[in-house]
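> got a sequence here, can you model it:
(2 chains)
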Amino acid sequence: MINITLPDNTVRQYPEGVTGVDIAKSISEGLARNVLSIQVDGHVMDATRSITADARIRLLTWSDLEGKATLWHSSAHLMAEAIEILYPGVKFGIGPDIENGFYYDIDFGDQAISSDDFPKIEKKILELAKEKQVFIRKDISKSEAISYFTKKGDEYKIELLEGLEDGQITFYESGRFTDLCRGPHVPDTALIKAVKLLSIAGAYWRGDEKRKQLTRIYGITFTKQKELDDYLVFLEEAKKRDHRKLGKELELFAFSQKVGLGLPLWLPRGAQLRERLEMFLKKVQKRGGYQQVICPHIGNVELYKTSGHYQKYGESSFRPITTPVEGEEFFLKPMNCPHHCEIYKTKPRSYRDLPVRIAEFGTVYRYEQSGELHGLTRVRGFTQDDAHIFCTPEQVKDEFKGVMDIVMLIFKALDFKEFIVQISLRDPENKDKYIGSDENWEKAERAIREVAEEQGLNTVIELGEAAFYGPKMDFMVKDALGRKWQLGTIQVDYNLPERFELEYIGNDNQKHRPVMIHRAPFGSMERFVAVLLEHTAGNFPLWLAPDQAIVLPISEKYQDYAKKVLTLLNNSDIRASVDDRNEKAGKKIRDAELMKIPFMLVVGEREESEGTVSVRRHGKGDLGPQSIGDFIAAVQEEMHQELGEL
RNA sequence: GCCGAUGUAGCUCAGCUGGUAGAGCAGCUGAUUUGUAAUCAGCUGGUCGGCGGUUCGAAUCCGUCCAUCGGCUCCA
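Residues are numbered from 1 along each chain as shown, chains lettered A, B, ... in the order given. Predicted coordinates:
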C-alpha cells in the first residue's frame, strides 16, 4: 500500500499502482466523471497512469487551470485526428494548449482550407469525441519514432524528434491518430462536449520567418455546452470594449489612409483625455525631481551612429530626410534617449548634480511592418512619456524605486489591478552578449529584484530577456481579449553613457561614467489610452472623462438657465457643455448615456426656479435634484478621492 | 512582410444563383417646446475600396493593388 496525501492534507492508503481515476472514484462518482488529469508531487500527468510510491496529489478538473490545459491539449490531438481523416496526407507541426484553448500547426500541402471548413471539422471532432477514445501512452525509442514518422512522411515531427533525447520519447495514441507527445491527456475524449474552432492563420514553422509557413488552426473546447455558450458571450462583450470601436464611438481618435497608416489623429475629446494624463504625470514627475525638456522630431544621422541605433535599425527605419543643398541626412527620431544624452552633455556634471532626471513627452516614429499595426496599440508614430535618469551606480536602486512608485501611483489612480511585472535579466550562460561590467550588472539586477520584492509585487523573471545594454522591468497589461501588451518599462542602460562618453566628476575629482535609466510609466500615450479604454469600456474615472457633465435643458425656454449652470461649472474647472438641440429630454439623455458622460444635469421649470440641477449619473440613473453648489462640491470631492493630494 | 478573411452613404448593415443600389441612425429643412435611454414629416447624401479583365450588361465572376480584421514574424 502507498500513502496518498490529498490537498486538504488527509492521507489515504491505496494499493501500489493506483491511478488518479481510481482515487477519484474512491472519493465520489461525480469527481471520477470529471477528473481530467492529476498532479502528482507537482507534476501533471494522466489520471490513468499508475502511481507507484507515496505521493501528494491534486485531482484536476475543469475548475483547475491545469485541468483545462489537459483537456485542450487532448483536444488538439482530437482536432488533428479529425483533420487527418478529412484531409488525408496533411503533415503536423506542433499542437499545444494555450491560455484559452489550443492550436495545431498543420501543413495542408496543396489542399486549400479556410474558416468555411470549420463546421465540418467541428462536427468530425464531436463525432470522434463521442467514440470515447482513450489516450494510450507508449514509451518509444528514438529510432523507432523516427522510422514511424519517416514512413508517415511527416518531416516536421522528425525534426522535433532530432532535438529529443532517446529514452525520453513518448507517443500517445488515440483513435486513429498517433502523435509524438509528452502528455498528459484526459482519460477519454468523451469529456470533450463542446468545440469551437476560432481562427485560422499562417504561422512560421518553429517561429522562423525564413521557414515554411504552416496553417495554424485555433480552437477551444469545453466540458459542457453551457461553458461554450458563455465563452461566446464573453467574446461578444469583449468586442464591445475594443478600443478601436470605442475610440470611434466616443470620438477620441481616428485614422486616415491619406495621412498614413499607423498614424493616429487625436480628435478633440481624445486630445483632452490625453492632456489630462500628461498633466497628471507631469505633476507627479515635478514632485519627483524631473525636469521637462523638449526636443525636435528629427536628428542627424550622426546622432544615431553614435547611439548605435543606426547600425541596428537604420535599414528598418523610415528613410532618412535629406537637406536639399548639403545632402545632410536626418532621421525621424525613433527614440528620445540620444537627444537626452546630448542635453546631459550641455554642461559638466558633478556627482552633486546627480541624479539628473530629464523628461519629455517625446513623439517618435518607427517603421512597423504593415501587418503589425493594430489600432492605437501598435502604431508608427507615438508619444512616449519618456524620461532618462542619469545617476551613479550606487543610486540605481533608489532611482528604480522612485520610478516604480510613480508606476504604482498611476496604476492606482486608474484602478489597474491586474498587471504582470516582468523582470528581464541577462542569460547567465551567455554573459558575453551583454555590455557593461559584471559588477554593475549584478548590482542593477539585484536592485531591480529587491525593489520588486519590497513592493510586494508578483513578478515573472525572464532570464535572457534583458536588453544587451541592461536589465529591465516591464509592466504588462491585458486587453479585452486577453492579449498582453507592454505598457510601462524601466530599463537600466550601461551602453549609451559609454557611446556618448557621458561623465560626471566624482568626489575624488575624477571622471566617472553615469548609469542611465530609461523609463516610461505609461509606455506610450497611444497604447496606454487603448488599454485604459478596454479596461474601463470607455467609462473613465471622473478626473479623466473628456466631458464630465452635460447640461440638458428640457426645452429651449431653459437654455439661458442651462448656460448659467454651464458658466458656474466651468468657473469651477468642471468640463461640461450644454445640449441645446431642439430635442426631447429622453433623446438628450440617451445620447449622453451613449457618450458615457458621467453626469447629466437636467434643467427645466423646477430647477430654474429653485436654482438646482437634476443629477443623473451615467449608468446609474436619476439621483434627484441638487443645488448647483452641492453638485460642484460633490464632483470635486469625487476627483479628490480618485487622485489623492494631486 | 507572410497566411486567411473582409471592404456597399459619416456610422451600423441589407442587397438570392450578374440586369447600372436600399434601410435605420447621423446631417439639412420644417413642424413640435418637450421631465430621465430614440417626437413627426420631407430632403440631401454612394462612379458599391482602387485599377484592370470576362460579359450585351459587374456591387455581384476573375486578376491585381490598397486598407481593415484574426494570427505569425518583428517591436530601439
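> make it CA atoms for all contacts and neighbour counts henceforth
Fine.
> output the below-cut-off pLDDT ranges for chain A.
A:645 (pLDDT under 70).
> which one's the longest helix in it?
The residue-count maximum for a helix in chain A (DSSP state H) belongs to helix A:65-86.
> so what's residue A:477 up against?
The neighbours of residue A:477, taking C-alpha atoms under 8 Å, 6 or more residues apart in numbering as the test, are A:418, A:419, A:420, A:484, A:485, A:486, A:487, A:531.
> the residue lying closest to it once chain neighbours are set aside: what's it in contact with?
Spatial nearest neighbour of residue A:477, excluding adjacent residues (C-alpha to C-alpha, 6 or more residues apart in numbering): residue A:419 at 4.8 Å. By C-alpha under 8 Å, 6+ apart, the contact list for residue A:419 reads A:475, A:476, A:477, A:478.
> ok, and what's touching the longest helix of chain A?
Contact partners of helix A:65-86, identified using C-alpha under 8 Å, 6+ apart, comprise A:35-38, A:44, A:60-62, A:90, A:92, A:95-99, A:101-104, A:121, A:124-125, A:128-129, A:174-177, A:179, A:184-186, A:189, A:191-192, A:220-221.
> name the residues that touch stretch A:482-489?
Residues from elsewhere that reach stretch A:482-489 (C-alpha under 8 Å, 6+ apart): A:377, A:407, A:472-479, A:518-524, A:527-528.
> now the end-to-end length of stretch A:546-563.
End-to-end distance for stretch A:546-563, by C-alpha to C-alpha, to the nearest Å: 19 Å.
> next, count neighbours for the residue lying closest to residue A:506 once chain neighbours are set aside.
Spatial nearest neighbour of residue A:506, chain neighbours left out: residue A:351 (5.1 Å); criterion: C-alpha to C-alpha, 6+ apart. Residue A:351: 19 surrounding residues under other C-alpha atoms under 10 Å.
> how about residue A:377?
The tally of other residues near residue A:377 (other C-alpha under 10 Å) stands at 23.
> measure stretch A:197-214 end to end?
Using C-alpha to C-alpha, the end-to-end distance of stretch A:197-214 comes to 17 Å.
> before we move on, the earlier item: now the longest helix of chain A, how far from the centre of its chain.
Distance, stretch centre to chain centre, for helix A:65-86: 26 Å (C-alpha atoms, centre = their mean, to the nearest Å).
> for that helix, buried residues please.
Neighbour-count burial for helix A:65-86 flags A:66-84 (criterion: 16 or more other C-alpha atoms under 10 Å).
> then stretch A:134-141?
For stretch A:134-141, burial by neighbour count (16+ other C-alpha under 10 Å) applies to A:134, A:135, A:136, A:137, A:140, A:141.
> from these, which land in strands?
A:136, A:137 (DSSP state E).
> which residues touch residue A:241?
By C-alpha under 8 Å, 6+ apart, residue A:241 lies in contact with A:480, A:533, A:534, A:535, A:537, A:538.
> try 7 Å
A:480, A:534, A:537 (C-alpha atoms under 7 Å, 6 or more residues apart in numbering).
> let me know the closest of these to residue A:366.
Ranked by distance to residue A:366 (C-alpha to C-alpha), those are led by residue A:534 at 24.3 Å.
> which residues of the stretch 401-550 of chain A lie near RNA strand B?
A:481, A:483 (C-alpha under 7 Å from any atom of the strand).
> run a quick neighbour tally on the residue of the stretch 401-550 of chain A found nearest RNA strand B.
The nearest approach of the stretch 401-550 of chain A to RNA strand B comes at residue A:483, 6.4 Å away (C-alpha to the nearest atom of the strand). A count of neighbours around residue A:483, defined by other C-alpha under 10 Å, yields 9.
> against residue A:374, how distant is it?
12 Å.
> residue A:530 - that's part of a helix, no?
Yes - the assignment for residue A:530 is a helix, going by DSSP: H, G, I helix; E, B strand; the rest coil.
> I'd say it and residue A:377 touch.
Yes - counting by C-alpha atoms under 7 Å, residue A:530 does reach residue A:377; the two are 6.2 Å apart.
> element containing residue A:574?
In this assignment (DSSP states H and E), residue A:574 forms part of neither any helix nor any strand.
> contacts only, for it.
Residue A:574 makes contacts with residue A:548, as judged by C-alpha under 7 Å, 6+ apart.
> would you mind measuring from it to residue A:607?
If you go by C-alpha to C-alpha, the gap between residue A:574 and residue A:607 works out to 19 Å.
> can I get the CA coordinates of stretch A:353-365 in CSV?
Taking Å, rounded to 0.1, in the frame of the first residue of the first chain, the C-alpha atoms of stretch A:353-365 are listed here in CSV:
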residue,chain,number,x,y,z
ASP,A,353,24.1,67.1,-9.5
LEU,A,354,23.1,63.5,-9.9
PRO,A,355,20.7,62.1,-10.4
VAL,A,356,19.7,64.2,-13.4
ARG,A,357,16.2,63.4,-14.5
ILE,A,358,15.2,64.6,-17.9
ALA,A,359,11.6,64.1,-19.0
GLU,A,360,9.8,64.7,-22.3
PHE,A,361,6.6,63.6,-23.9
GLY,A,362,8.5,62.7,-27.0
THR,A,363,6.8,61.8,-30.2
VAL,A,364,8.8,59.1,-32.0
TYR,A,365,8.4,57.4,-35.4
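> buried ones in that stretch?
By neighbour count on 16+ other C-alpha under 10 Å, the buried set for stretch A:353-365 is A:355, A:356, A:357, A:358, A:359, A:360, A:361, A:362, A:363, A:364, A:365.
> got it, and stretch A:143-162?
Residues A:145, A:146, A:149, A:154, A:156, A:157, A:158, A:161 are the ones in stretch A:143-162 that count as buried (16+ other C-alpha under 10 Å).
> stretch A:551-561 too?
The neighbour-count check on stretch A:551-561 (16+ other C-alpha under 10 Å) flags A:551, A:552, A:553, A:554, A:555, A:558, A:559, A:561 as buried.
> stretch A:426-437 too?
Buried residues in stretch A:426-437, counted by 16+ other C-alpha under 10 Å: A:426, A:434, A:435, A:436.
> ok, the third one to residue A:270 distance?
Using C-alpha to C-alpha, one obtains 41 Å as the distance from residue A:435 to residue A:270.
> ok, what's across the strand from the residue lying closest to residue A:625 once chain neighbours are set aside?
Distances taken as C-alpha to C-alpha, 6+ apart put residue A:614 closest to residue A:625, at 4.0 Å, once the chain neighbours are dropped. When assigned by DSSP bridges, residue A:614 has beta-bridge partners residue A:602, residue A:625.
> for residue A:614, give me its contacts.
Contact analysis of residue A:614 by C-alpha under 7 Å, 6+ apart lists A:601, A:602, A:603, A:624, A:625, A:626.
> same question for residue A:295.
Contact analysis of residue A:295 by C-alpha under 7 Å, 6+ apart lists residue A:339.
> you'd agree it is in a strand?
No - per three-state DSSP, residue A:295 lies outside any strand segment and is coil.
> tell me the phi and psi of it?
phi -120, psi 160 (degrees, to the nearest 10).
> just the element for residue A:447, please.
Going by DSSP H and E, residue A:447 is in helix A:438-454.
> now do that helix: which elements does it pack against?
Applying 3 or more C-alpha pairs under 7 Å, 6 or more residues apart in numbering; DSSP states H and E, one finds that helix A:438-454 makes contact with helix A:396-413.
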